[in-house]
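[1] What follows is a predicted protein model with its sequence.
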Amino acid sequence: MASVTANGRMNARVKFDHVGIEFPIYSAHGRSFKRSVLQYTTGGQIGLSSNQRVVVSALNDVSFGAEHGEHIGLIGHNGAGKSTLLRAVAGVYEPVLGTISVCGRVASLIDLTLGMDMEASGFENIRIRCLLLGLEPNEIDAHLDDIADMTELGDFLAMPVRTYSSGMVLRLAFAISTSITPDILLMDEWIGAGDASFVKKAQARLQSLLGRTGILFIASHQEDIVKNNCNRAIWLEHGAIRADGLPADVWREYQAWSNQAGG
């Protein structure tokens with residue numbers, strides 16, 4: 001039976017068991033290209049599937065478990081598999097090998113504007129996105145003032161989102177995405193866009209959210225972000241786990257390897 005927290009919520013859990021994720025490249029038909037298997041310092045692997053189709057192996061035999069209370073920083077070069085792992089936890093990508101088990105409500109700060117209707121008003125988008133996040137209508141009503149307050153958009157919330165600047169769209173999307181307390185929170189880099197006053201407000205909101213979140217996964221290239229917000233780090237390279245442990249230890253190992261490789 002799954003354990004529960006003091007407030008009655010189920011403890012969050014994530015388990016990857018020998019997970020493999022591949023993306024087929026349908027337009028690659030060159031015979032010489034198909035015969036080669038290329039490995040890149042900052043990418044996954046390009047090779048052949050069992051039916052001779054060219055594929056990119058984004059995750060390769062990845063196994064780990066994450067329990068309630070763990071804040072995990074994902075580190076590695078661009079293309080190492082960090083974003084793929086985040087999207088796999090969110091259920092966007094299905095594994096071709098192995099299994100993924102996720103227990104708890106997942107919230108993503110990866111694609112903040114995903115699902116937004118540019119013709120609808122700010123208020124309408126709040127309701128649409130909150131429904132997609134799994135909130136009931138009465139719960140949305142309870143969150144409406146807080147979200148509107150966070151955006152600082154005022155009367156613009158009654159206007160179509162297509163009339164917003166990119167910064168205004170970000171404010172709206174961020175306020176909505178951080179309006180619920182998830183069991184599992186996914187982030188691809190720390191929020192740092194927008195004017196100085198909004199960034200400061202957003203940082204405070206994020207810190208409050210992290211304190212209530214069961215499990216955090218954050219992919220970042222910044223050492224201080226990982227060390228200050230995580231109690232565990234996973235280093236990914238070529239779609240595989242190279243190291244898993246305390247942030248300072250894993251970052252030191254990653255940095256030493258990166259320097260030696262000229263990264």
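    Ah, there it is.
[2] residues touching Asp61, list them.
    Going by Cβ atoms under 8 Å, 6 or more residues apart in numbering, Asp61 touches His18, Val19, Gly20, Leu97, Gly98, Ala240. C-beta: built from backbone N, CA, C; applies to glycine.
[3] Would you format these as JSON lines with secondary structure included?
    Putting these into JSON lines (DSSP: H, G, I helix; E, B strand; the rest coil) gives the following:
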{"residue": "His18", "secondary structure": "strand"}
{"residue": "Val19", "secondary structure": "strand"}
{"residue": "Gly20", "secondary structure": "strand"}
{"residue": "Leu97", "secondary structure": "strand"}
{"residue": "Gly98", "secondary structure": "strand"}
{"residue": "Ala240", "secondary structure": "strand"}
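[4] quick check, nearest of those to Asp149?
    Using Cβ to Cβ, Val19 comes nearest to Asp149 of the contacts of Asp61, at 40.2 Å.
[5] Quick check: that closest one touching Leu59?
    Yes. Val19 is within contact range of Leu59, at 5.7 Å (criterion: Cβ atoms under 8 Å).
[6] what ranges do the strands span in the stretch 101-250 of the chain?
    Secondary structure of the stretch 101-250 of the chain by DSSP state E, counting those that start in this stretch: the strands cover 106-109, 184-188, 215-219, 232-237, 240-245.
[7] Deepest in the core, which of those is it.
    When the strands of the stretch 101-250 of the chain are scored by mean count of other Cβ atoms under 10 Å, the highest mean neighbour count falls to strand 215-219 (a mean of 25).
[8] Can I get that one as CSV, trimmed to CA atoms?
    In CSV, the C-alpha atoms belonging to strand 215-219 read as follows (Å, rounded to 0.1, in the frame of the first residue of the first chain):
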residue,chain,number,x,y,z
ILE,A,215,9.6,15.5,-6.0
LEU,A,216,11.4,18.1,-8.2
PHE,A,217,13.2,17.4,-11.4
ILE,A,218,15.1,20.4,-12.8
ALA,A,219,17.4,20.3,-15.8
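[9] mean confidence for it?
    Average pLDDT, strand 215-219: 95.
[10] Can you give the contact residues for it?
    With contacts defined as Cβ under 8 Å, 6+ apart, strand 215-219 is touched by 12-14, 66-75, 82-83, 85-86, 89, 104, 183-190, 210, 225-226, 229-230.
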